[in-house]
Every structure is written in C-alpha cells, then in structure tokens.
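[1] below are the sequence and a predicted model; questions follow.
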Amino acid sequence: SGVTSAMDLNQAWADLKPAERENDPAHLKTEILAKLAYAVGKDPVVANSSDWLTATILVVRDHIVDRWMASTRENYRAEKKRVYYLSLEFLIGRLFRDAMNNLELTSGITQALSELDVDIDFIRELEPDAALGNGGLGRLAACFMESMATVGVPAYGYGIRYDNGLFRQAIEDGAQVEYPENWLAFGDPWEFPRREAAYTIGFGGSVEVTKDWDGATTSSWKPQETVMATAYDTPVVGWRGEKVNTLRLWRARPTSPIKLDLFNSGDHMGALSESNRAKSISRVLYPADSSEAGQELRLRQEFFFTSASLQDILRRHLQQYDTLDNLADKVAVQMNDTHPALAVAELMRLLVDQHNLKWDEAWTKTQAVLSYTNHTLLPEALETWPVNLVERMLPRHMQIIYTINARLLTDVKTAGHSEEILEKVSLIDEHGGRRVRMGNLSFVGAHKVNGVAGLHSDLMKVTVFKELHQVFPDRITNKTNGVTPRRWLMQANPGLTQLLRDTIGDGFMDNTEKLRDLEPFAQNPAFRAKFAAVKLENKTRLAHLIHERTGVKVDPTAMFDIQVKRMHEYKRQHLNILETIALYNAIRANPHKNWAPRVKVFAGKAAASYWQAKSIIRLINDVGNVVNNDSAVRDLLKVVFIPNYNVSAAEVIMPAADLSEQISTAGLEASGTGNMKFGLSGALTIGTLDGANVEMLEHVGADNIKIFGMTAQEVEALRIKGYNPRATIEGIPALKEVLDGIASGIFSPSDKNRYAGLVDSLWNSDHFLVAADFEAYTAAQREMDALWHDQDAWMTKAVLNTARMGWFSSDRTIREYAQEIWNVPTV
Ligand code: T68
C-alpha cells in the first residue's frame, strides 16, 4: 500500500473545504481507530462489531459536540427564548444513521468503515432501539425534537430515562408474549451523565403555614420522602447539522442509598427498601397507551419528571437573568398530553412558595409560559386522579389545585355561566369518588390548548372541552401533526431519495413542499418505471425481514397491504382481518377469478392487560396459519404478523407499502402519523375520514386516496339513533359467514372457543362499528384490486402521493407551534 508522508497528508487536509474536511474518509478512519483504541480499549485485530459501532458512534458524537456547544452558547448570548417540551415519552429509535445523515457524514463514514473492513449496514443493526415510548405520542415527541433543531428553535426535551423501555413482543403459538427490553444493557454511547444537574423531588408529608409580620401567610411543603433526579443529556442534531438541541432525561436515585443503621442491625432488606422505592420511579415505561394506568407509581413518575424539569428551567433562567420578571418572555413549556399536567400546580408552588411571588402574578406567568397538547378524545384515556391520592402524595399541590379551582369557578359564575357549565369546567369530578381532572387542569393553566389534526381540534370543542371552550373560546387551536422527512424519507427510503434528487434536484431536502416539483413526472412512464423499481426494491427488503421473523415467504410483486400501529379496537385491525377472511372465502369459492395478489401485513403491540387487542393479534396469526398453508389460494393471499413492531421495523416497513390501512372508527384517531410516513413513500391510503386522513385527502386529492365508511358525524348520529350490530351482521351474509367460521373454530381447531369473546362482542355491542363499515370497506378494497391491475394508474397515484405529502413535515408543524403558541422565531 502506498505510504503517504505526514506532510502530504497535512497539505491535502488543509486544501479541503470545512464540510469536505469533516466528511473526509481518510480522516474519519483515523478518528475511528483512535476511538477504538482510546475510548473502547480495543485493538482493531480483536475488535468485534459492537466495538466498531461504539467507536464510530463516539466519532459522530464528537462531530456533534462542537456544534452543540456553539448552539447553546449562541442561544445564551442572544438571550433567545427557549422551548421546553415536557413528555413522559420519547420514542427515538436508533440515532446512528440519523445523526450521520444530518451531519452529512454518511458517505465519508461508510467509506472509512469499508476501508477498515467493517460493513456499516451490519453494525448499524446492532444499535439498540431506544423505545422510551408507546406509540404515536412518543414518536411525535422524537420527530419534534429533530424538527426543532432543524428550524432553529432553541429547545430542550425533558422526560424520563427509563431503565426498561417498551416491552419486546414475541409471538408464541400465535399469541403475544411480553419480554423486558433492556436498551441500556451495554450502556448508551450517546448520553452524557450530568452529575451536577440534580434536584430533590419531594413526596408526601405536610404543609407548614407561617404568618409574616404583616399577617400575610407563607406555605411551605415539608415532604416526608425525597428522591434525587439526575440528568442525562443526549444531543439532538438538526438537518445539515446547523443547530443542536438537548434531550434531558431524568433518572431517579435515592437521596441516601442505604440506611446503614438498619443494615448494621441486620435488616438488610429494610436498609435497601427506600433506595428501591426511589429507583423504581425511573425503572420502567408504562406500557399502556390510550388507557388510564391509574396507579400510584405512574403519578410519582409524572410529578418526578415535571418537578425536576421545572426546577431546572427556573435555575437556568435565574442564572442567566437573575429575575423572574421576564420568565414568560424567555421560557415556553409545552405539556405533551396531561402527563406533565402537575406542572400547573408545581410552577405555581415554586413561584409562590419558593420565589415569593403574589398569587395573581404567579398565575399570569404560569399561564403565559404553559401550553398543552391533547392527543385523544377517548374517555377511558383521559387522566383523572383520586383526590385523596393527590392529597397524600402532594398535599401542597392539592391545596393549590383547590385554590385555582375556587378562583376559576368564581370567575365562571361571575361571567354568568350556568351551574351545569360550572360542574363541567371544575377541576374536580364529584361523581362517584372525587377525582382531579388533569385535562381541565392543563386547559386552565395553559394559554393555548391544541389538538393534533383539524377534525380532532374541532371535536375537542364539542366533546371533552365543550364547556371550557365556551368559557375560553380563544384557547383551543389546531396544530396538525407531521413527521420528520429526514428519518422517514431520506434515511428510511434512500432509494427514493436518490431518485428524487436525480429528478427534481436537492431542494426538497430543505423544504419538502418542493416535492410538488415531482407532479409532472407522475405522467412520465420512464419515471414511473424507476419509481416502481425503487418500490420493488423496498418490498424485497421487507420480504426478507418477513421471512426472517415469521418464516413466511411472500412475493414482492404482490400488493403489500399494510396496517402497523398499536393494537386497539378503535384502530380496527379486526375490521381488516375480518375482511381478509371474507376475501379468503371468496378466493376459495372462485379461485380462478382475476384476483389481485395481496400480502396482508400486520404489526403492533397490545397493552399486556388488553385482552381484546391480544385476541385480535392471535386471530391474525391463526388466520395466517390457515391461509398461508392453503394450496387453494396459491400466492393470491398471504397474511403475516411481524413481531415486535418498533421504530427500526417501521423504517423497513413504511417504504415498502403499496397500500396503507388507516381505518379507525371516524372521530376516534386524533391524527395518526403512520399515515403520513406511508404517504411520503408513495403508498396509497385506504382510510376513513378520521384524524389527519382528512387533511391528506385535501392535499393529495380525492383521486389519489380511497376514503370509505361513516364520517364522524354519521357515527354520532348512528349512536344517538341506536346501533343494532346483530341486525347489521344478519344483513351482510359474507360477514356473518366470517363470524360463524371463526366461532366454529376454523382458525383454532385445537381450541374452538378461543374467539368466543371477540365474536360475541361484535354481535352484541360492536362499539367501534366494525359491522357498520364492513360493506363500504369491502367495496373500497375491491376498487383497489381493480386499480392494481392497472399498474400505470396505480403508480401515477403513488407518485402524486409522494409529491403532495410535503406539508406533513414536522418542520411545518413546529413552525406553527413556534409562531402561534411559543412566540419564538424560526429560521
Ligand atoms: C396518539 N396517542 C394518537 N397515546 O392516538 C394518534 N396515551 O392519533 C396521534 O397521531 C398521536 O398520539 C400523536 O399526536 C398516543 O400515542 C399514547 O401513546 C398514550 C400513552 C400513555 C397514555 C395515554
């Protein structure tokens, strides 16, 4: 090999432009080798794949750190307003490819590694998937963090550094089994522990009231138990690496690790119990989405991270400005759902009890600083806590909530509102055991309250927040969700990204609205062929993953019809699988008709205690078992359930879809974000007029999306009129045949009663109106079959979906929050 002199190397290096210098493979190679030796402690000849990954991540991290410090320094110098995103969930997934892409180091690092005989695609897969979230809400927080860095909003994400993220799902004998997920097993190379950033968090105890010389009273909380919150920081780098923000996650530690007196007296367990009680707060993510956990530990988590974050925010503000007068000019706090709702009471406590502000002044500031995002209208998902639990755990906060409530009710009464309205806006629900309504607390403590799609925001005004909206008509605003195009287009779909760059140039990479330039190419056969080739390549990749994880071989040229998301009855995976069974029956009855070959793909986790959702998972697997082994259907139909759906799986799945299933009961899916990821990669959507599907219809046009079924209005009207599922099912022979088949054990011959509960609930209540939408759904699917046979028409629509999805970038969403809620500039 040619040995270059050090002087030559130095000269070549000096000749490079700064950006090229960073991406220079030779230099990156040196950096990786140095990390391998000095940070990982390995000689290249013995290093394993994980060692190479760690070394490379540490190199990428180094490239972030200078920019991180520069960003932080500049925000401080320019006295910029900071945005704090409080979220109990951040579903970030892997960071390696994301960071590399945003720093534009991908080509340099790929080459450097290849010269070192390391396959980047192999080591990339070794990074654990940080699953500190359940689903859409947590993934939205992650997309927002990346977009805030991209559009130049100085921001901190605040959450909990769970030891165990969302469980790993295995499918055993067709059923979901949960295993702990240990993302920290080998440490997290991205994070920086901040031993100095630690706060005391109190629980329980009592409130002491002291009278001042002038008769004014001061309250002071004397907690009975304290826990330490310590910070771990992860840098979040925006597109093109220009700005870097911070994700700060709190870990719970005992204030005193061990009670030595107890230990010495022989009570070894007792000596550690307090320590375990403290640590348990950041031990595990609650795995239930869209349902209330209702447990004490959950409330402890909520207060723990909210209090630590607010203490940190006030400390940072005071350190810079030495006054709280300008707090609302320099600080915006976004509450992601009601999980951080205690921020309303905690900020009031800190301002009034610790910083001696007058109540009214503190209240004005609190409202000006806080804002709140609602993610669901499902009544069972709206958080409420028993008053006696809050009183016992947070006595001072309960007093503050009572005071806020008393003032609120006085104001509302004075304004002339009725008793009925008073009862609904109250922070306390008095029906059957008194409970604190966290939604109302958040609404009242915030200056803006937003829904996550147009329909959802409209429905908020007439359902959960009807009365509060009457009293505060300017507070509710809409901010339709978005997804980051860096992860969901550039990284997940490199083939399409390259094709787009070759076709319309690079503009779309900085502004996704420029994807519109693609529209004329939808009519261009040569372009459509290339577009179809990319899709086929992505489908082949997914086919491999399916084979690897399920053992089922699928044909990449068949239509990939995909529904991936959390398992929930309102999302109606059962509508999909019932229609699939009907299709199976029809194929068997008429095997030589011109069917469109389909692969039905499902994936998603069910909350461990959600029996009905688990039953649907099992049915999908049982149906797959029968259908996939039935020679009569040949390759016309395959049904697969991919286990352990997570961000990394989504990155393979989204780009490979021909058809995206978004079929929730209208009015129940607040927005959906998977719908956007699919659309961006050119999938056609079959969906109800729900959530952001409504806006997708507006953007892509009615010709390019298949909308079916009842509207939210029709759903409401049907419920009022009285829905009769039995009569509905009796009137649809194909559906009745499907349900009778399931009930007779066709798909579960060893356990004929397995689906009795599921089938009975459809006959007797069918709360999510599966039967009512069944025929419309079937008809829509047959239209998709017909369209599939006309591949030119299909691909034209697919191209137009990609071309018209630019608006759904989370950059657009974040700019709207910045302008209309946070009052911060964007670049
Ligand atoms: C989702 N909500 C909405 N909740 O269902 C979805 N809930 O329509 C929307 O697109 C998304 O939020 C983003 O706005 C959730 O994901 C939860 O995960 C959750 C977790 C804990 C408690 C309640």
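    That came through fine. Numbers count the residues shown, from 1 in each chain.

[2] check contacts around A756.
    A743 (CB atoms under 8 Å, 6 or more residues apart in numbering). Any C-beta I mention is one placed from the backbone N, CA and C, and that applies to glycine too.

[3] excluding its backbone neighbours, what's nearest the closest residue to the ligand within the stretch 1-150 of the chain?
    Nearest residue of the stretch 1-150 of the chain to the ligand: G136, at 2.9 Å (CB to the nearest ligand atom). Spatial nearest neighbour of G136, chain neighbours left out: T673 (5.3 Å); criterion: CB to CB, 6 or more residues apart in numbering.

[4] tell me who's in contact with that neighbour.
    By CB under 8 Å, 6+ apart, the residues touching T673 are 136, 139-140, 143, 481-483, 692.

[5] again, 7 Å this time
    136, 139-140, 481, 483 (CB atoms under 7 Å, 6 or more residues apart in numbering).

[6] likewise A170?
    A170 neighbours (CB under 7 Å, 6+ apart): 177, 179, 643.

[7] of those, keep whichever come out buried.
    With burial judged by 16 or more other CB atoms under 10 Å, the buried subset of those is P643.

[8] the residue lying closest to A47 once chain neighbours are set aside: neighbour count?
    Nearest non-adjacent residue to A47, counting by CB to CB, 6+ apart: L36, 5.8 Å away. For L36, the count of nearby residues is 22 (other CB atoms under 10 Å).

[9] so where's the chain shaky on pLDDT?
    Low-confidence segments of the chain, defined by pLDDT under 70, are located at 1-7, 9-10, 12-19, 291-293.

[10] residue numbers of the stretch 451-600 of the chain in contact with the ligand?
    Proximity of the stretch 451-600 of the chain to the ligand (CB under 6 Å from any ligand atom) is limited to residues 452, 481.

[11] please report how far the residue of the stretch 451-600 of the chain found nearest the ligand lies from E31.
    Distances between the stretch 451-600 of the chain and the ligand by CB to the nearest ligand atom are smallest at V452, namely 3.9 Å. With distances taken as CB to CB, to the nearest Å, V452 is found 41 Å from E31.

[12] more crowded one of those two?
    The neighbour comparison of V452 against E31 (other CB under 10 Å) goes to V452, with 28 against 20.

[13] from what I see, that one and A670 are in contact.
    Yes - the criterion here is CB atoms under 7 Å, and V452 meets it with A670 at 5.0 Å.

[14] what's the overlap in contacts for these two?
    Common neighbours of V452 and A670 are listed as H375 (criterion: CB under 7 Å, 6+ apart).

[15] show me how the chain divides into domains.
    Domain assignment for the chain, taken from automatic domain parsing, gives 79-94+129-481+815-822, 538-786.

[16] kindly report the residues of the stretch 151-300 of the chain close to the ligand.
    So far as CB under 6 Å from any ligand atom goes, the stretch 151-300 of the chain lies against the ligand at 289-290.

[17] show the contacting residues for the residue nearest to A47.
    L36 is in contact with 42, 44, 47, 51, 55, counting by CB under 7 Å, 6+ apart.

[18] now it: phi and psi?
    phi -60, psi -40 (degrees, to the nearest 10).

[19] so how far is I732 from the residue of the stretch 451-600 of the chain closest to the ligand?
    Distance from V452 to I732, by CB to CB: 34 Å.

[20] go on, D121?
    To I732, D121 is 48 Å away according to CB to CB.

[21] please identify which of these two sits among more neighbours.
    I732 (17 against 9).

[22] ok so, going back, residues near the residue of the stretch 1-150 of the chain closest to the ligand, how many?
    G136 has 25 neighbours, counted by other CB under 10 Å.

[23] what do you get for A656?
    A656: 27 neighbours (other CB under 10 Å).

[24] who touches it in this structure?
    The neighbours of A656, taking CB under 7 Å, 6+ apart as the test, are 538-539, 541-542, 560.

[25] ok, and the closest non-adjacent residue to it?
    L542 (3.7 Å).

[26] was I right about that neighbour contacting V652?
    Yes - using CB under 7 Å, L542 is in contact with V652, at 5.6 Å.

[27] pick out whichever of those two has more residues nearby.
    Using other CB under 10 Å as the criterion, L542 and V652 rank with L542 on top: 24 against 16.

[28] roughly how far is the strand or helix carrying the more buried one from the heart of the chain?
    Assigned by DSSP states H and E, L542 falls within helix 525-550. Computed by CA atoms, centre = their mean, to the nearest Å, the chain-centroid distance of helix 525-550 equals 26 Å.

[29] quick check: next helix or strand after that helix?
    By DSSP H and E, the next helix or strand past helix 525-550 is strand 559-564.

[30] next, the buried residues of that next one.
    Using 16+ other CB under 10 Å as the test for burial, strand 559-564 gives 559-564.

[31] and the residue nearest to G136, how far from G270?
    47 Å.

[32] got it, and R572?
    The gap separating R572 from G270 is 50 Å, by CB to CB.

[33] which one of those two has more residues nearby?
    Using other CB under 10 Å as the criterion, R572 and G270 rank with R572 on top: 26 against 12.

[34] phi and psi next, for the closest residue to that one other than its chain neighbours.
    Once flanking residues are discounted, R572 sits nearest to I663: 5.2 Å by CB to CB, 6+ apart. Torsion angles at I663 (phi, psi; degrees, to the nearest 10) stand at phi -120, psi 30.

[35] tell me which residue lies nearest the centroid of this protein.
    When CA atoms, centre = their mean is applied to the chain, the residue found nearest the centroid is R139 (2.0 Å).

[36] quick one: contacts for it?
    Contacts here follow CB under 7 Å, 6+ apart; on that basis R139 touches 91, 133, 647, 673.

[37] now the domains of the chain as CSV including distance to T72?
    Shown next, in CSV, are the domains of the chain (distance: least, CB to CB, whole Å):
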stretch, distance to T72
domain 79-94+129-481+815-822, 8
domain 538-786, 27
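
[38] so which of these is nearest T802?
    domain 538-786 (4.5 Å; CB to CB).

[39] among the contacts of T673, which ones are in helices?
    Judged by DSSP state H, the contacts of T673 include 136, 139-140 as members of helices.

[40] in stretch 523-542, what counts as buried?
    527-528, 530-532, 534-535, 537-539, 541-542.

[41] same check on stretch 384-393?
    By neighbour count on 16+ other CB under 10 Å, the buried set for stretch 384-393 is 384-385, 387, 389-391, 393.

[42] so which of those belong to strands?
    Mapping those onto strands (DSSP state E) picks out 384-385.

[43] in JSON lines, list the buried residues of stretch 384-393 along with distance to N629.
    Listed next are the buried residues of stretch 384-393 as JSON lines, based on distance: CB to CB, whole Å:
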{"residue": "T384", "distance to N629": "48"}
{"residue": "W385", "distance to N629": "50"}
{"residue": "V387", "distance to N629": "56"}
{"residue": "L389", "distance to N629": "52"}
{"residue": "V390", "distance to N629": "55"}
{"residue": "E391", "distance to N629": "59"}
{"residue": "M393", "distance to N629": "54"}
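
[44] thinking again about what came up before, any idea which of the buried residues of stretch 523-542 is closest to F303?
    The closest of the buried residues of stretch 523-542, once distances to F303 are taken by CB to CB, is L542, at 42.5 Å.

[45] sorry, back to before: hang on, the residue nearest to R572 packs against H574?
    No - I663 lies out of contact with H574 (CB under 7 Å); the separation is 10.1 Å.

[46] settle it for me: which of these two has more neighbours?
    Comparing I663 with H574 by neighbour count (other CB under 10 Å), the higher total belongs to I663, at 26 against 22.
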